[in-house]
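1. Structure here, sequence nowhere to be found:
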């Protein structure tokens, strides 16, 4: 690649970067998009249920490890992040859910002016290609496929009935007026295939002469001259290269690597950077702070009848039927994501009449994705807290960009977090006991006889939703402004999940894509 001068350089071809490259190049600007990973043209990446194989596969994801801590029984928890075109949107569990309206109103109250729900809804709709009718809450003219559930499972249907018997209302659309209640999840699927941001936004515009994509490029730092970002330095095929941007550099490397790049570039906690021999460009103490993630605990019961996916995948005839359903009807188990049905409920600790726990339900059981399903007929319901109060930190440990940063999650260090999770597990057990589901299972595999708190601490794990390490706001410590411009450095923005002031109350991919859509409008100076 001979050209080194660009108008905009975007670092990270993930959930945000692919959309940004589309929108900014569409406006006629010369755009360079750099990605550390490789192509997403792989069958298991494209097949919706393929996330089960790809999320912990080193070919498609980088496996970060968190620091061990006593609150989670000294375990190092693995955080996979997409290292591939499309980023984590190419390996995630496909759930398309935006969170609560109040999440975005909270952002505005925390200083993210212009990011209330009424402000961001048009940007959700702009990128969405919903497979239902257009409405107040859904768009149908965008590029990102959003599909209703396409698999009918009798156990999931029975769980929904049991949850309503418990007292939770049926909710036909978690992305409409409220998330409260139980129902089926919507998924980022179009046709038979996963609708990642690479497929939706990048691949259709690769022929634009003003857009270049460089894969296998590990960015080592942002080049900054006289307080302005002027380009990037990166390793491409083992060679150190520099590319220059006349307008802006945009970091879309995600909640782990955008703050890592800022710190490598001299933007972060000054004392820490100096201790590593890095020249301080701007003392920004909150770069890498405010780290948030959803933490889940999974309950598993053994069903009476051998009719869960655990059994079906071991039956050649059942497998053939699944393949036919997918091929001819674009339906069936091969089109599912990390949750088929589920919902949102309120524990006794809930405030402001907002749901504070989320359920994800799957008619299967496994120790973790990528491993064989259990040999018995398993059924899983996971519980996570929507808005954890515990926050963590991320910090580089070296000048070497190839080394992972240190990640301290602080999971469950706040009392409210563990109490909420335990109440959610108790609620889950109560739903299992309701008439519509009680006669379907014979044994509780997890949690079993251990205390719910001990179980949550020892067996819980990430829901893969790290956010908020480059918090936007209007205060002096905010890492970026509400316009997503890095404070203290001109010509540099961060546009990805790291800018969220607080994690949203559900899966984070839809919100990240919205951040990119609104971010593109801020870059281009347009209103929509």
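-> In hand now; what should we look at? All figures in this text were calculated on a predicted structure; none of them were measured in a lab.

2. Show me what the helix or strand residue 322 falls within is packed against.
-> Element membership for residue 322 (DSSP states H and E) is helix 316-324. Applying 3 or more Cβ pairs under 8 Å, 6 or more residues apart in numbering; DSSP states H and E, we find helix 316-324 packed against helix 309-312. Every residue, glycine included, has its C-beta placed from N, CA and C.

3. So what touches the helix it packs on?
-> Residues outside helix 309-312 that contact it (Cβ atoms under 8 Å, 6 or more residues apart in numbering): 318-319, 322, 333, 362-366, 373-378.

4. how about 10 Å then?
-> With Cβ atoms under 10 Å, 6 or more residues apart in numbering as the test, helix 309-312 has contacts from 49, 151, 153, 155, 302-303, 305-306, 318-319, 321-322, 333, 336, 362-366, 372-379.

5. how about it: buried residues?
-> 309, 310, 311, 312 (16 or more other Cβ atoms under 10 Å).

6. go on, stretch 499-507?
-> So stretch 499-507, judged by 16+ other Cβ under 10 Å, has buried residues 499, 500, 501, 502, 503, 504, 505, 506, 507.

7. what's the closest of the residues you listed to residue 464?
-> For these, the closest approach to residue 464 (Cβ to Cβ) belongs to residue 507, at 8.7 Å.

8. Which residue comes closest to that closest one once chain neighbours are left out?
-> Of all residues not flanking residue 507 in the chain, residue 95 sits nearest, at 4.5 Å (Cβ to Cβ, 6 or more residues apart in numbering).

9. Report the separation between the one you found and residue 446.
-> Distance, residue 95 to residue 446, by Cβ to Cβ, to the nearest Å: 22 Å.

10. now residue 304
-> Residue 304 is 18 Å from residue 446, by Cβ to Cβ.

11. Tell me which of the two has more neighbours.
-> Per other Cβ atoms under 10 Å, whichever of residue 304 and residue 446 has more neighbours is residue 446, with 16 against 12.

12. ok, that one - contacts?
-> 297, 298, 299, 300, 301, 365, 378, 380, 425, 455, 459.

13. is the closest residue to residue 5 other than its chain neighbours in a bridge, and if so with what?
-> Nearest residue to residue 5, sequence neighbours excluded (Cβ to Cβ, 6+ apart): residue 244, at 5.3 Å. Assessed by DSSP bridges, residue 244 has beta-bridge partners residue 5, residue 231.

14. From residue 155, how far off is the nearest residue to residue 319 once chain neighbours are set aside?
-> Of all residues not flanking residue 319 in the chain, residue 313 sits nearest, at 6.3 Å (Cβ to Cβ, 6+ apart). Here residue 313 is placed at a distance of 15 Å from residue 155 (Cβ to Cβ).

15. For these two, indicate the residue with more neighbours.
-> With neighbours defined as other Cβ under 10 Å, residue 313 and residue 155 compare such that residue 155 has more, 24 against 15.

16. For that one, report the pLDDT, please.
-> The model reports residue 155 with a pLDDT of 97.

17. got the contact list for it?
-> Residues counted as contacts of residue 155 (Cβ under 10 Å, 6+ apart) are 301, 303, 305, 307-309, 340-341, 361-364, 377, 379, 437, 440-441.

18. What's the ChimeraX syntax to select whichever of those residues are buried?
-> Applied in ChimeraX, the following selects the buried portion of the contacts of residue 155 according to 16+ other Cβ under 10 Å:
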select :301,303,307,308,309,340,341,361,362,363,364,377,379,437,440,441
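
19. in stretch 44-59, what counts as buried?
-> For stretch 44-59, using 16+ other Cβ under 10 Å, the buried residues are 44-57.

20. give me the low-pLDDT residue ranges for the stretch 251-400 of the chain?
-> In the prediction, the stretch 251-400 of the chain carries no residues with pLDDT under 70.

21. Can you show me the helices along it?
-> For the stretch 251-400 of the chain, applying DSSP state H, counting those that start in this stretch gives helices covering 254-264, 270-275, 309-312, 316-324.

22. want to try a markdown table for those, with distance to residue 473 as columns?
-> Formatted as a markdown table, these follow (distance: least, Cβ to Cβ, whole Å):
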| stretch | distance to residue 473 |
| --- | --- |
| helix 254-264 | 15 |
| helix 270-275 | 20 |
| helix 309-312 | 44 |
| helix 316-324 | 47 |
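
23. Deepest in the core, which of the ones you listed is it.
-> Ranked by mean neighbour count, the helices of the stretch 251-400 of the chain are led by helix 254-264 with a mean of 27 (mean count of other Cβ atoms under 10 Å).

24. Can you tell me which helix or strand of the protein has the lowest average pLDDT?
-> helix 309-312 (a mean of 93; mean pLDDT, DSSP states H and E).

25. Report the distance from that helix to the chain centre.
-> 27 Å (Cα atoms, centre = their mean, to the nearest Å).

26. Would you mark the buried spots in stretch 373-385?
-> For stretch 373-385, by 16+ other Cβ under 10 Å, it's 373, 374, 376, 377, 378, 379, 380, 381, 382, 383, 384, 385.
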